[in-house]
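Trainee: What follows is a protein structure lacking sequence information:
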């Protein structure tokens with residue numbers, strides 16, 4: 001499983017502000033670890049508009065649909081929750097995600 005892959009993921013029931021249901025997600029953990037572990041780190045996608053730097057980053061989701069990677073929703077999930085492969089996030093968008101993650105996760 002490669003970093004930058006988009007997959008449909010079954011997140012199940014959740015209480016706001018957590019993300020639930022089946023939705024696309026972006027794999028952000030590194031490809032080497034993804035090949036070894038039974039889990040990956042993902043950022044869920046939403047179609048609710050509005051980029052809010054660095055918390056919501058606009059990307060092309062599955063099928064080219066305008067989507068937003070919601071960084072506060074980042075989580076480790078079992079690879080069993082991933083269902084259908086939905087494409088790759090472009091390198092330019094991954095650079096923006098990396099910059100946003102650095103701001104979001106660091107002091």
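Mentor: Thanks, I have it. In this text, all values refer to a predicted model and were calculated from it rather than measured experimentally. Residues are numbered from 1 along each chain as shown.

Trainee: Quick one: low-confidence residue ranges for this protein.
Mentor: Flagging of the chain using pLDDT under 70 yields the residue ranges 13-20.

Trainee: what about 90?
Mentor: Using pLDDT under 90 as the threshold, the predicted model of the chain has low-confidence ranges 1, 10-22, 47-50, 61-65, 107.

Trainee: can you list contacts of stretch 52-64?
Mentor: Counting by CB atoms under 8 Å, 6 or more residues apart in numbering, the neighbours of stretch 52-64 from elsewhere in the structure are 6, 8, 24, 26, 45-47, 50-51, 66-72, 86-87, 89-90, 93, 96-97, 99-101, 103-104. In this view, the C-beta of every residue, glycine as well, is placed from N, C-alpha and C.

Trainee: residue ranges for the helices of the protein, please.
Mentor: Remark: helices of the chain, listed N- to C-terminal, are 31-36, 91-105; assignment by DSSP state H.

Trainee: Most tightly packed of the ones you listed?
Mentor: Most buried of the helices of the chain by mean neighbour count (mean count of other CB atoms under 10 Å) is helix 91-105; its value is a mean of 14.

Trainee: List only buried entries from the contacts of stretch 52-64.
Mentor: Buried by 16 or more other CB atoms under 10 Å: 6, 8, 24, 26, 45-46, 67-71, 86, 89, 93, 96-97, 100-101, out of these.

Trainee: Out of those residues, list just those in strands.
Mentor: For these, membership in strands holds for 6, 8, 24, 26, 45, 46, 67, 68, 69, 70, 86, with DSSP state E as the criterion.

Trainee: okay, those in TSV with distance to residue 79 next?
Mentor: Converted to TSV, these look like this (distance: CB to CB, whole Å):
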residue	distance to residue 79
6	14
8	13
24	16
26	15
45	18
46	22
67	21
68	24
69	19
70	21
86	15
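
Trainee: Return the member of the residues you listed nearest to residue 78.
Mentor: The shortest gap between residue 78 and any of those belongs to residue 8, at 14.4 Å (CB to CB).

Trainee: That closest one reaches residue 22, doesn't it?
Mentor: Yes: with contacts counted by CB atoms under 8 Å, residue 8 reaches residue 22, the gap being 6.0 Å.
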